[in-house]
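Visitor: With the input below, show me the fold.
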Amino acid sequence: MSDSNQAQPSRRAVLGAAAVAAVPLLAATPASAATSHREEDLLYIGTWGVGQVYALRFDPVRGTMTPLGPVAPVSSNWVAAHPTRPVLYVAGREQGGIIRYFHIDDTTGGLRQLGEIQTEPVPTGSGGLSYIGVDDRSDTLLVADFAAGSASAVSIGRDGRLGAVASQVQDTGSGPNPRQLGPHPHHVVVDPGERYALVADFGADRVFVYAYDRATRTLSAGTPDGTPRAYATAPGSGPRRLAFHPGGRTVYLLNELTADIQTLDWNATHGLLTLRQSLSTNAPGHTGTTSAAELAISGDGRHVYTSNRGENTLVAYSTDRRTGTLTEIQRIPCAGQTPWSFSLHRGGRWLFVANEVSSTVNLFGVDPRSGALTDTGTSVPVPNPDSFTFRYH
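Guide: Reported below is the predicted structural model:
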């Protein structure tokens, strides 16, 4: 994965882990108390280099977080919950593209492992998987393997269990940065028209556009010469995250190494991306480390959010209804160090931030009208958090 310079947990992270682990799991909670959890959501948290999945309960009415502690002793580069079934998928850091899947106990939040798969037949490189996400329309798990330079589509059964790798594509290319010696996919998303899968490749300075057949879960170049379409960023950009606007004609791209966000026009007929706008997520006069990490768009498409690890900030933008272009509306401290990831709650009122170095999960309020963020001052200690996923009640 692209962030290998922080593989070892700090002393603060270890202390944070001890604090969370001291909170008893709810498996032994009396039935009367368990009933009160019906209105609460479960939040599962991946941890970088710690070898645990953590969990907490979240009350979206009160805005309160209740830690459940560690719930699975496995490597967790990325976590993703099935949107309708009680199944959690966990992407590992090991070579070979290991994904484990678990049954979720909605009463306790506990996990029971159902199985695991290896997405690469031959282990390649180090760093493991950088992203997994469920395409529920085709019951497919989309996988970005940073180490192997590949993207995969894995079948999901009716019970949520993982089947075989249905198809796989291999990115090509490199960049000028020492961390870009070869292709390193970092994110995979399917376009709203359901015809293409876009892969943001950190190592190749490309967004590859592959044909995608939902019926067969087939990823392919989709061109006569076998070369996938691709959008090229500036050398040394390090594409990391993608997000489609709900309108379907605009894509936002966040580049890690240059910490800029680009607004791209999407031609759904031909699978082409064209640059419309580029903005730096750095503050004016920025010096020091440059590193952007996460990207998300509100459900109504009116606001876009990014995290900047070099400045420990969150940046909010408004979107133009007609063009999709962005205007910065807020820059706010992330309430910790190194905002590796964040996630918007589906209700649109809350944003969770994984501050990896400070080993905290911090809660921000979201004003749905203005898009502005407010630090609630609420946090939970979790060692080196790196990703989130929700199991909604």
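Visitor: what about Pro86, distance to Gly236?
Guide: 43 Å (CB to CB, to the nearest Å). Quick note: C-beta positions are derived from backbone N, CA and C, even for glycine.
Visitor: same thing with Thr319?
Guide: From Thr319 to Gly236 the distance is 27 Å (CB to CB).
Visitor: Which one of these two is surrounded by more residues?
Guide: For the pair Thr319 and Gly236, the greater number of neighbours falls to Thr319 (24 against 14), based on other CB atoms under 10 Å.
Visitor: just checking, the more buried one touches Leu326?
Guide: Yes - in this structure, Thr319 is within contact of Leu326 by CB atoms under 8 Å, at 6.1 Å.
Visitor: Mutual contacts of these two, please.
Guide: Val304 (CB atoms under 8 Å, 6 or more residues apart in numbering).
Visitor: which intervals of this protein have sub-threshold pLDDT?
Guide: Within the chain, the segments meeting pLDDT under 70 span 1-38, 124-126.
Visitor: need the helices for it, in chain order.
Guide: 11-21, 31-35 (DSSP state H).
Visitor: wait, doesn't Asp215 sit right on Ser138?
Guide: Careful, residue 215 is Ala and not Asp. Yes - judged on CB under 8 Å, Ala215 makes contact with Ser138 at a distance of 7.4 Å.
Visitor: Which strand residues bridge Asp135?
Guide: Judged by DSSP bridges, the bridge partners of Asp135 are Thr140.
Visitor: so who does it touch?
Guide: 141-142, 190, 214.
Visitor: do you know how far the closest residue to Gly310 other than its chain neighbours is from Leu351?
Guide: Once flanking residues are discounted, Gly310 sits nearest to Thr289: 4.0 Å by CB to CB, 6 or more residues apart in numbering. Note on Thr289: its distance to Leu351, by CB to CB, is 23 Å.
Visitor: the more surrounded of those two?
Guide: Ranked by neighbour count (other CB under 10 Å), Thr289 and Leu351 place Leu351 first, with 22 against 11.
Visitor: quick revisit: go ahead and confirm the residue nearest to Gly310 touches Asn282.
Guide: No - contact criterion CB under 8 Å: Thr289 and Asn282 do not qualify, at 10.0 Å.
Visitor: list residues touching both of those two?
Guide: Counting by CB under 8 Å, 6+ apart, the residues touching both Thr289 and Asn282 are Gly310.
Visitor: wait, what's in contact with Ile329?
Guide: Ile329 is in contact with 303, 316-318, 370-372, counting by CB under 8 Å, 6+ apart.
Visitor: One more pass at 6 Å, please.
Guide: Ile329 makes contacts with 316, 318, 371, as judged by CB atoms under 6 Å, 6 or more residues apart in numbering.
Visitor: Same check on Ala230?
Guide: Neighbouring residues of Ala230 by CB under 6 Å, 6+ apart: 206, 208.
Visitor: What's opposite it in the beta bridge?
Guide: For Ala230, the beta-bridge partners are Phe208 (DSSP bridges).
Visitor: Could you number the chain from 6 rather than 1 from now on?
Guide: Okay, using 6 as the starting number, the last item reads as Ala235.
Visitor: So it versus Tyr94, what's the distance?
Guide: Distance of Ala235 to Tyr94, given as CB to CB: 28 Å.
Visitor: what's the answer for Ala248, then?
Guide: Ala248 sits at a distance of 20 Å from Tyr94 (criterion: CB to CB).
Visitor: neighbour count winner among those two?
Guide: For the pair Ala248 and Tyr94, the greater number of neighbours falls to Tyr94 (25 against 19), based on other CB under 10 Å.
Visitor: can you pull the contacts of the more buried one?
Guide: 85, 104, 106, 137.
Visitor: Strands of the stretch 256-398 of the chain, residue ranges please.
Guide: Ranges of strands in the stretch 256-398 of the chain, per DSSP state E, counting those that start in this stretch, are 265-272, 277-285, 297-302, 308-313, 318-324, 331-338, 344-349, 355-360, 365-371, 378-386, 390-396.
Visitor: Looking at those, which one is packed in the most?
Guide: strand 308-313 (a mean of 26; mean count of other CB atoms under 10 Å).
Visitor: Can you give the strand pairings for that strand, parallel or anti for each?
Guide: strand 297-302 (antiparallel), strand 318-324 (antiparallel).
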